[in-house]
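Colleague: Got a predicted structure plus its sequence, pasted below:
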Amino acid sequence: MKNQIIGLIKENLIEIMPELEGQEISVEDTLVDIGANSIDRGELITLTLERLNLEVSRIEFAKAQSIKDLADMMAEKMEKR
Amino acid sequence: MSFARVPVQITGLGAISPVGIGINEFRTSLREGITNFSIQEFERGGQLFRYPVAKVKDFTFKEAIGSLSINEKIISSAKRLRNISASTANGIYSALEAWADAGLHDADIDLTKVAIVLGGSNTQQAMLQNVQEEYRDKLQFINPNYGLNFFDTDTSGALSELLGIRGEGHSIGGASASGNFALIQGHRLINSGEYDVVVVVAPLMELSVYELQGFTALGAMARVDENSTPSGLCRPFDTGHCGFVYGQVSGCIILESGEHAIKRRKKSYASLEGYGVSMDANRNPNPSVEGEKTAMLKAIKASGIRPNQIDYTNTHGTASPTGDKTEVEALLLAGLEGVKANSTKSLIGHGLSAAGLVEAIATVIQMQEGFLHPSHNLQNPVSDKIDWILDKAQQVNLGYALSNSFGFGGINTSIILKNN
């Protein structure tokens, strides 16, 4: 599940920031380092939640820094569902 | 208000209309009197709703932007724009075309002395309505960009980023007179001495089914019935006129102070000599002879000319029976009997908030090229006291032109353009 979520987050990230296409994106890098601004970040979270059909408030992800953090939290929510 | 002295120059043009992407296609279509009317259908509550429209065809933002003669960095940044409405996309194309046409993309100019004025308010209705319908039952997932992009000023924000503009930027709404009002605002900004260049943009007013039905319910828009042919419905100043037909247009005019244009050795197309505006003290859609006459006379006076020096009038001419009749009466009272006139709306439909700006562009093109475009469907004119351009273009040398735009809520605007 977690790997699928990582894949989905990466896909969504490239959709939101097409300039990342073809670049190596590490799941450990922070979203800030990748170049995402706060709107990109908000869009990434809502779009991924929408595609997972997972209804969780965005505020729950306030502490997430990296793709991995986001994927961990989302996977946990998916399991609890 | 009316004011004019320092000649404000027009140094760049850009446009999209149902008859072409870019100024070159628009010019050819105007000369040949080409039209592109169709019927758009919507199903709501099991019922079919049909509206006459003139739609933009074959516009793909990235492709169109890629074809502009503007530097690669602007093109690649523009291609990366996301979450933009059709309104904004059409506005940005027009603005970049005009910016390149004015030679500003490789000019060394002070970008703190450049302003952006958008003509029109509530121009993104179709996009907003689509998002609202899509997220009605899953509101928690709405794209956060919606909270930013629903503002009309999304267009000026995106443009300022693409072009590095650091002066002021805002939109100005005056219903169907918005396009003229934006030019008037640009004129004021340049005459104030605060700005060298004003990018006056009228983004596409993209209507949703709600506005189309609202205009129909109001009786302002031509109705489609079983015998209607799409091309026959839009008939400004013809005795068979029966309301306006919505047209998808957008445009941009670069206004520049005369001094600034001379300093960078840029020849201008025309000057915006003066303007006149008035209100009717009336909230309703009905026009006023007195108000329209006042706007025209103020514009003529502000330009320091007499009515008989006007060679051509680009009418508001929507094909509303009351509107057409009122405008003819006002033209006659303003001393313009016998003036040559046509209605650009007969060819491209009524662009509403963008109409005035695109019609000013049509006027400049006709002045530059020395022709007046045909009036589609003008077979039996409502008055013989105006020298209508009928089904064929005329070759004419034009010095001064008057362009009218009127809006619901008693808004009257007229501008005077002078050929350079």
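Modeller: Structure received. Residues are numbered from 1 along each chain as shown, chains lettered A, B, ... in the order given.
Colleague: drop to CA atoms for contacts and neighbour counts, all remaining ones
Modeller: Fine.
Colleague: got the residues of the stretch 51-200 of chain B near chain A?
Modeller: Residues of the stretch 51-200 of chain B found near chain A (CA under 8 Å from any CA of the partner chain) are B:80, B:82, B:140, B:141, B:142, B:143, B:144, B:145.
Colleague: Mind giving me the ChimeraX command for buried ones among those residues?
Modeller: Applying 16 or more other CA atoms under 10 Å in any protein chain shown to those, the buried members can be selected in ChimeraX as follows:
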select /B:141,142,143,144
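Colleague: which residues in chain A form helices?
Modeller: A:2-16, A:31-34, A:38-52, A:67-80 (DSSP state H).
Colleague: The last one and chain B in contact?
Modeller: Spelled out, that is helix A:67-80. No. Helix A:67-80 stays clear of chain B (CA under 8 Å from any CA), getting no nearer than 14.9 Å.
Colleague: other SSEs contacting that helix?
Modeller: helix A:2-16 (3 or more CA pairs under 8 Å, 6 or more residues apart in numbering or on different chains; DSSP states H and E).
Colleague: So which elements touch the helix it packs on?
Modeller: helix A:38-52, helix A:67-80.
Colleague: So which of those helices is the most surrounded?
Modeller: Highest mean neighbour count among those (mean count of other CA atoms under 10 Å in any protein chain shown): helix A:38-52, with a mean of 18.
Colleague: re earlier: the helices and strands packed on helix A:2-16: which one's closest to residue B:166?
Modeller: Closest of those to residue B:166 is helix A:38-52, at 22.3 Å (criterion: CA to CA).
Colleague: Smallest gap between chain B and chain A, at which residue?
Modeller: residue B:141 (5.4 Å; CA to the nearest CA).
Colleague: wait, what's in contact with that residue?
Modeller: A:46, A:47, A:49, A:50, B:135 (CA atoms under 8 Å, 6 or more residues apart in numbering or on different chains).
Colleague: Would you mind giving the helices and strands packed on helix A:2-16 as CSV with distance to residue B:236 and mean pLDDT added?
Modeller: Below are the helices and strands packed on helix A:2-16 laid out as CSV (distance: least, CA to CA, whole Å; pLDDT from 0 to 100):
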stretch, distance to residue B:236, mean pLDDT
helix A:38-52, 47, 94
helix A:67-80, 59, 94
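Colleague: now for these, which one comes closest to residue B:379?
Modeller: helix A:38-52 (54.7 Å).
Colleague: so how many other residues sit close to residue B:351?
Modeller: The number of residues packed around residue B:351, counting by other CA atoms under 10 Å in any protein chain shown, is 29.
Colleague: With residue B:322 instead?
Modeller: Neighbours around residue B:322, by other CA under 10 Å: 16.
Colleague: Would you tell me what helix or strand it is located in?
Modeller: helix B:321-333 (DSSP states H and E).
Colleague: What's the first helix or strand after that helix?
Modeller: strand B:340-342.
Colleague: Okay, now the sheet partners of that following strand, with direction.
Modeller: According to DSSP bridges, strand B:340-342 forms sheet pairs with strand B:310-314 (parallel), strand B:387-388 (parallel).
Colleague: List the contacts of the helix or strand following it.
Modeller: Following strand B:340-342 in sequence order, the next helix or strand is helix B:345-348 (DSSP H and E). Helix B:345-348 has contacts (CA under 8 Å, 6+ apart) with B:17-19, B:30, B:33-36, B:54, B:234-236, B:247-249, B:316-319, B:351, B:375-377.
Colleague: I'd like to know which of the residues you listed are part of strands.
Modeller: B:17, B:54, B:247 (DSSP state E).
Colleague: State the number of residues packed around the first one.
Modeller: For residue B:17, the number of neighbouring residues by other CA under 10 Å comes to 29.
Colleague: And for the last one?
Modeller: Taking other CA under 10 Å as the neighbour definition, residue B:247 ends up with a count of 29.
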